[in-house]
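Participant: Sequence and predicted structure are below.
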Amino acid sequence: MFKSILSAAAGLMLLGGAASADSFYVEMLNRGDSGTMVFEPAFLHIQPGDTVVFVPTDPGHNVASLDGMIPEGVDHIESAIMGEPMPVTFTEEGVYGLECTPHFGMGMVALIQVGTATDNLDKAKEEVGSMRGLAKRRFTDLLGEVE
């Protein structure tokens, strides 16, 4: 009987974990631990259904997806209002390349891996290959984080 109670408890915990989603916060900073014009953290590995809240610490920041760096069929992501927090719930697995539009040239980029599927990873690497400067260097490092 003790064994069946443990099995039932384990099953309930698994169901509870499947139904719950986590929230993460990413700050958009003029200056952070890794330099100027950065997302911190710049890389997250999350699960489908998790929400990331992008928090600008300056009114001049936003978050937007890069068209060649999101899973196929996913709509473009972009802050509606510059300088306002932007919650994004990620439901589709894959890698998501993100930028602060006004500061992309200064390397203000982030990468979110959702789940374990990396079907769009090669396309994202191709996209980074066509970039220049600090954005290219930072994305190259971030793509090395993908599992």
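Facilitator: Perfect, thanks for sending it.

Participant: Can you give me the buried ones in stretch 111-130?
Facilitator: 111, 112, 113, 114, 115, 118, 120, 123, 124, 127, 128 (16 or more other C-beta atoms under 10 Å). The way it works is simple: take the backbone N, C-alpha and C, and place the C-beta from them, glycine included.

Participant: Could you do stretch 42-50 as well?
Facilitator: Across stretch 42-50, burial judged by 16+ other C-beta under 10 Å covers 42, 43, 44, 46, 47, 50.

Participant: what about residue 45, which SS state?
Facilitator: Of the three states, residue 45 takes strand according to DSSP: H, G, I helix; E, B strand; the rest coil.

Participant: That one reaches residue 116, doesn't it?
Facilitator: No. Using C-beta atoms under 8 Å, residue 45 makes no contact with residue 116, being 9.2 Å away.

Participant: Look at residue 24 and report its pLDDT.
Facilitator: At residue 24, the pLDDT value in this model is 98.
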